[in-house]
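[1] Below is the sequence, then the predicted model.
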Amino acid sequence: MHTPGEMQSAAPAAAEEGAPAPRRRRAVVLPALLFAGLALLPAAALALSAGYMLDLFTRVMIFSVAALSLDLLIGYAALVTFGQAAFLGLGAYAVGILAAHGITDALVSLPVALAVSGLFALLTGLVCLRTKGVYFIMITLAFGQMAFFTAASLAPYGGDDGLTLADRNTVAGLPLFDSPLAFYYVVLACLVGAYLMCRTLVASRFGRVLRGAKDNPVRMTTLGFRVYHFQLVAYVIAGMLSGLAGFLLGNATEFVSPAYMSWQRSGELIIMVLLGGMGTLHGAILGAATFLLLEEWLSAFTEHWKMIFGPFLVLIVVFVRGGLIGIGAAVGRRLFRG
Amino acid sequence: MSTTLLVVQILNGLQLGVLLFLIAAGLTLVFGVMDFINLAHGVQYMLGAYFAVAFYGLTGSFVAALLLALAAALVFGLLIEAVVVRRLYGRDHLDHVIATFGIILFLNSGVKYVWGAAPLSLPVPEALTGSVALAPGLLYPVWRLVIIGSGLAVALLLYVLVSHTRIGMLVRAGASNAEMVSALGVDIRRLFTIVFGFGAMLAGFAGIMIAPILSVEPGMGDTILILAFVVIVIGGIGSIRGAFVAALLIGLVDTLGRSFAVDVLRLVMSPSAARTVGPALASMLIYLLMAVVLWVRPSGLFPAKGR
C-alpha cells in the first residue's frame, strides 16, 4: 500500500542526482544565509531592544535540531516515525532527573541525555524496523506513547505536572547557560554542528545506501547491503540528535514535562519537516522556524489562531509540493526561464 | 476482586470496545479502500457530540437531536471529502497526515470558538436513565447497555452491508485492489465519497451516543483517534472483522488493566510500588499489546487480502 508514495518520493531524489549547477549552489547558499542570519540576529534584537526575540529564536533553533534529525529519517530513509518527540522528552528528563539529584553540570547531563536517547532508539528500533509503511508509523507511535505514560507516572519527578529546574546546567562549573546571549550561541553551535554532521552523513557511502534503500530496498539487499542495519544506525543517530535537542530544551525552559513527549508534539515535528521541504535538511530548519514564528505571530492576534493555521497547512499540502523549499525552487525556475 | 466488580468492568470494557469499533470501522474502510490516512476522523466523533448537544438545545428531544446530528455529521463528512480529501487521493501518506492534522487544528479551535472551551453535557434520555439489575446485587446503567446494544447492531448491519450487498462487494473489492475495480468500470471516486461520508457518520454516531456519559469538549477526539488507530493496526488495515475483534480486545484490555493492574501487581511487589507502577502499566498495556501483535504478525491479525 505504500508503493505509490515510494514511487513519488523516488522522483525528486532521482532529479537531485542529476541536479544542474544552480540547484547545487542553492543547497549551499541557502543554509549559509540561514546560519548567517541566525548569527547576526542577537545584534538586531539588541538594537531593537527586543530581548524576547533571543528566547524565541533559541526555541526555534532547538526545534530545528529535532526537525533535522527527523528529516534524516523521513527525507533520506523513508522512515516516517510518529514518536520522535519521545527522544526530545528523554533528553529533557535526563537534565531534570539529574538536577533533582543535585547533578547540574552539562558535562554529566549531556552524555547521559545522549546515551539514554540512543539506547531507547536502539531497543525500539530493533522492533520497529521489522515493520514497513503505515505499520512502522503506528509502532513508533506506540513506543512514543509508552514513553509518554512512563514519564507521566514518575511521581517522584512531578508525574503529570512535570518538574521545574532550579537553574540551568553549568558547564564545567561555569554558569555559561545563564546568559541568554551565551546560551543562544551555544544552541546555534549545536544546530550548525548537527547540520554539518547530517550533511556529511547523507553525502557519505552510508547516506547513499540509506537513500538507495529508500527508493528500492530489495535492490539494495540484492546488492549485498544489510538495509536493516543501516536503518537502525540512522534511527539511533536521529534519536541521539533529538536527545540533544531535548537536553537544550530542558535547559532553555528550566522545566520538564510529559507534554514534551505527546503524540501531538511528534506530529508537529513531522509538520515542521514537511512545511520546509523534506529531504533537504535546511528545509527542516526553515520549517521549524516558520511553524514556531507563525504560532507566535498568529497567537498574538487571536486565541483562535489555529483556525487560521489549520487551513494554512491544508493549502500548503494541496497546492504546493515540496514545502517552502519547493515554492522557492518553483519561483526560481520561473524567473530563470522567463 | 469480587465477581460483581469483574462483571461490571467487563461490561465497561465491552462498551469502550463497541465505541472504538464505531470509530475504527470508518477509519479502516477509508484507509483500506482509498489508502487515505484520515487523522481528522477523531474530530468527526467530537463534532457528532457537539451537534447532538446543539440540536438537543434546539429541539429538546433526544431522538430528534440524534437524527439531526447524524445528518449533520454525514453532511460535514461529505463536505470535508469534497473540499480537501478528494484532492489528495493517490498522494503521499505524509500529505494526508499534514492536511488532516490541519483540519484537526481548525475544527478543535473552531468548536472552541463557537461553543466555548468549557465542557458541555447532554442528558441521558428520560426513558433510559437509571440502572437495571442484571443479577442480584449487580446494578448497571441502562444507557451503557444501550450503547453496547446499538454498537453491536451497527456491527451486524455493517456485516450485512459489506458481505451481502453490491456496494459492500465493491468496497471489499476496492480494499484488495482499487485499480482493478476502477478498470472494471466502477466509478471509484463516487464509491470513495460514499465510504468517507458513511465513515464520518459512524464516528459521529459514536460521539452522539457517548455524549450523555462523557463531557463534550474540544480535543475529545484526539485520544480516541489514537486508540482507533491502534485498533485498525492490530486488526489489520481494511478489515472490518479485524477492527471488530481488535476493538473489543482493546476495550477489554484497557478497562480491565486500569481497574485491576494495581491489585495484580500487589501480588508480586510492595503496595506502594504497585500504586506507582500500576497506572503507568495500565496506560501502556494496549501499546504493548500492539507492539507484540506487530512483532508476531507485521500486518495485523486479519490482513485484508491482496496487500
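    Received, thanks.

[2] how about the strands in the chain?
    Using chain A. For chain A, the strands defined by DSSP state E occupy A:163-164, A:255-256.

[3] Not quite, go with chain B.
    Using DSSP E, strands in chain B cover B:131-135, B:138-141.

[4] between those, which gets nearest to chain A?
    strand B:138-141 (28.2 Å; Cβ to the nearest Cβ). (C-beta placed from N, C-alpha, C; glycine too.)

[5] Residue B:200 touches residue B:82, doesn't it?
    No - Residue B:200 lies out of contact with residue B:82 (Cβ atoms under 8 Å); the separation is 11.9 Å.

[6] which stretch in the strands of chain A is the model least sure about?
    Of all these, mean pLDDT reaches its minimum on strand A:163-164 (a mean of 90).

[7] Quick one: list the elements packing against it.
    Applying 3 or more Cβ pairs under 8 Å, 6 or more residues apart in numbering or on different chains; DSSP states H and E, one finds that strand A:163-164 makes contact with helix A:85-100, strand A:255-256.

[8] Tabulate those (JSON lines), appending mean neighbour count and distance to chain B.
    Compiled in JSON lines, those are given as follows (neighbours: other Cβ atoms under 10 Å in any protein chain shown; distance: least, Cβ to the nearest Cβ, whole Å):
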{"stretch": "helix A:85-100", "mean neighbour count": "27", "distance to chain B": "12"}
{"stretch": "strand A:255-256", "mean neighbour count": "22", "distance to chain B": "17"}
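
[9] Show me where chain B dips below the pLDDT cut-off.
    Along chain B, the model assigns pLDDT under 70 to residues B:1, B:304-307.

[10] could you measure the residue nearest the centre of chain A against chain B, distance?
    By Cα atoms, centre = their mean, the mean C-alpha position of chain A lies nearest to residue A:67, the distance being 1.7 Å. Separation of residue A:67 from chain B (Cβ to the nearest Cβ, to the nearest Å): 14 Å.

[11] Please say which of residue B:200 and residue B:82 ends up with more neighbours.
    residue B:200 (29 against 13; other Cβ atoms under 10 Å in any protein chain shown).

[12] ok, now which ones touch that one?
    Neighbouring residues of residue B:200 by Cβ atoms under 8 Å, 6 or more residues apart in numbering or on different chains: B:26, B:41, B:44, B:73-74, B:76-78, B:80-81.

[13] what's the answer for residue A:27, then?
    So residue A:27 contacts A:280, A:282 (Cβ under 8 Å, 6+ apart).

[14] Likewise for residue A:38?
    Contact partners of residue A:38, counting by Cβ under 8 Å, 6+ apart, are A:57, A:61, A:188, A:191.

[15] Repeat that for residue B:278.
    B:261-262, B:265.

[16] burial of residue A:154, as a residue count?
    Neighbours of residue A:154 using other Cβ under 10 Å come to 18.

[17] And the pLDDT for it?
    Residue A:154 is given a pLDDT of 83.

[18] Okay, it and residue A:93: tell me how far apart.
    Going from residue A:154 to residue A:93 by Cβ to Cβ, to the nearest Å gives 8 Å.

[19] Would you reformat the helices and strands packed on strand A:163-164 as a markdown table and include distance to residue B:19?
    Listed next are the helices and strands packed on strand A:163-164 as a markdown table, based on distance: least, Cβ to Cβ, whole Å:
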| stretch | distance to residue B:19 |
| --- | --- |
| helix A:85-100 | 27 |
| strand A:255-256 | 34 |
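
[20] Please identify which of these is closest to residue B:89.
    helix A:85-100 (29.1 Å; Cβ to Cβ).

[21] if you skip the residues just before and after it, what's nearest to residue B:200?
    Once flanking residues are discounted, residue B:200 sits nearest to residue B:77: 2.4 Å by Cβ to Cβ, 6 or more residues apart in numbering or on different chains.

[22] do residue B:74 as well
    Nearest non-adjacent residue to residue B:74 (Cβ to Cβ, 6+ apart): residue B:201, at 4.4 Å.

[23] Could you check how far that neighbour is from chain A?
    For residue B:201, the distance to chain A (Cβ to the nearest Cβ) stands at 22 Å.

[24] tell me the contacts of that residue?
    With Cβ under 8 Å, 6+ apart, residue B:201 has these contacts: B:26, B:70, B:73-74, B:77.

[25] which ones among those residues are found in helices?
    Applying DSSP state H to those, the entries found in helices are B:26, B:70, B:73-74, B:77.

[26] Which of these has the largest number of neighbours?
    residue B:26 (30 neighbours).

[27] Report the separation between that one and chain A.
    From residue B:26 to chain A the distance is 16 Å (Cβ to the nearest Cβ).

[28] before we move on, back to that, pick out whichever of the contacts of residue B:200 sits closest to chain A.
    Out of those, the member with the shortest distance to chain A (by Cβ to the nearest Cβ) is residue B:80, at 10.2 Å.

[29] That closest one is in contact with residue B:103, isn't it?
    Yes - Residue B:80 is within contact range of residue B:103, at 6.6 Å (criterion: Cβ under 8 Å).

[30] so what sits against both of those two?
    Listed as contacting both residue B:80 and residue B:103 by Cβ under 8 Å, 6+ apart are residue B:40.

[31] So what's the residue count around the nearest residue to residue B:269 once chain neighbours are set aside?
    Excluding the flanking residues, the one nearest residue B:269 by Cβ to Cβ, 6+ apart is residue B:277, at 7.2 Å. By the criterion of other Cβ under 10 Å, residue B:277 has 16 neighbours.

[32] returning to that earlier point: closest one to residue A:49 among the strands of chain B?
    That would be strand B:138-141 among the strands of chain B, by Cβ to Cβ, at 61.5 Å.

[33] Now do that closest one: which elements does it pack against?
    helix B:3-34, strand B:131-135.

[34] For that strand, give me every contacting residue.
    With Cβ under 8 Å, 6+ apart, strand B:138-141 has contacts from B:4, B:7-8, B:11, B:130-134, B:213.

[35] Reformat those residues as TSV; add neighbour count.
    Listed next are the contacts of strand B:138-141 as TSV, based on neighbours: other Cβ atoms under 10 Å in any protein chain shown:
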residue	neighbour count
B:4	15
B:7	14
B:8	19
B:11	18
B:130	10
B:131	13
B:132	12
B:133	9
B:134	14
B:213	14
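
[36] and which of the residues you listed is nearest residue B:251?
    Closest approach to residue B:251 among the contacts of strand B:138-141 (Cβ to Cβ): residue B:11, at 10.4 Å.

[37] which one is that closest one nearest to, not counting chain neighbours?
    residue B:140 (5.9 Å).
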